[in-house]
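Engineer: Fold the following, please.
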Amino acid sequence: MGVKGSKERLSKQDIDFLKVNTRYDENTINEWYKGFMTDCPDGKLTPTSFMQIYSKCFPTGNANEFCDHVFRTFDSDKNGFIDFKEFLLAIDVTSSGSPEEKLNWAFSMYDVDGNGWIDLQEMTKIVKSIYNMMGPTQQLALDSFESPELRAEGIFKRMDINSDGRVTRQEFVRCCLDDTKLIELLTPHSTVCHMQ
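Structural biologist: Below you'll find the model as predicted:
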């Protein structure tokens, strides 16, 4: 465990960065930090720990696959763990962000390979993971008996405005802003259960 990971307090530089880049004040940032460090004493949230925490939000389903996608999106520097700054930036967007900010974040999650667009295979992969995470009871609440594959195909066709086989960030955001039911399906409980 390095000295940096065992800090009891955030540096002034980190606090200033988070105050500028989130909607949180210094006290709230410090409260989140305390909770984060209680759960992750070395300052690193691993995929396994993340899954244990996130799975509590979906006790009837299997959140493993969906957790992988959410984790990948939180881990913005792609180093295999989520540090406190990545964590708080993502929590801020997913819980307090504008609809556009939340949808831009969700787009990053759906764009599995990071190439700047979503193809049908990526859409299907995420929709399947959402169905698995929700479990059978919540799936019935979707008002639909479609398979995840059919649901993904329908969503994809609606979003692919110019029919080029790719959904761009702009198409994704515009389509979701016009369809609240679509937002609910594509971003189920997009905030992580509070770690505190």
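
Engineer: Going by C-alpha atoms from here, please, whenever you check contacts or count neighbours.
Structural biologist: Will do.

Engineer: and the lengthiest helix in the chain, how far from the chain's centre?
Structural biologist: Criterion DSSP state H: the longest helix present in the chain is helix 120-140. Distance of helix 120-140 from the chain centroid (C-alpha atoms, centre = their mean, to the nearest Å) equals 14 Å.

Engineer: any idea of the mean pLDDT in that helix?
Structural biologist: On average, the pLDDT along helix 120-140 is 79.

Engineer: again with stretch 151-159
Structural biologist: Rounded mean pLDDT across stretch 151-159 is 90.

Engineer: Could you give the number of residues near Lys78?
Structural biologist: Each residue near Lys78 was counted by other C-alpha atoms under 10 Å, and the total is 11.

Engineer: Tell me the pLDDT of the residue nearest in space to the middle of the chain.
Structural biologist: Nearest to the geometric centre of the chain sits Val70, at 4.0 Å (C-alpha atoms, centre = their mean). Val70 is assigned 88 on the pLDDT scale.

Engineer: Not counting the longest helix of the chain itself, show me its contacts.
Structural biologist: If you take C-alpha atoms under 8 Å, 6 or more residues apart in numbering as the criterion, helix 120-140 is touched by 58, 60-66, 69, 110-112, 148-149, 151-153, 156, 165-166, 186, 188.

Engineer: what does stretch 18-27 give?
Structural biologist: Contacts of stretch 18-27 (C-alpha under 8 Å, 6+ apart): Ile15, Ile29, Lys85, Leu88, Leu89, Asp92, Val93, Ser96.

Engineer: Can you pull the phi/psi pair for the fourth one?
Structural biologist: Dihedral pair for Leu88: phi -70, psi -40, per degrees, to the nearest 10.

Engineer: Let me see the ranges of the strands in this protein.
Structural biologist: 117-118, 167-168 (DSSP state E).

Engineer: Dump those to JSON lines, plus distance to Gly80.
Structural biologist: Converted to JSON lines, these look like this (distance: least, C-alpha to C-alpha, whole Å):
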{"stretch": "strand 117-118", "distance to Gly80": "23"}
{"stretch": "strand 167-168", "distance to Gly80": "26"}
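
Engineer: Just the ones in helices from the contacts of helix 120-140, please.
Structural biologist: Asn64, Glu65, Phe66, His69, Tyr110, Pro148, Glu149, Arg151, Ala152, Glu153, Phe156, Leu186.
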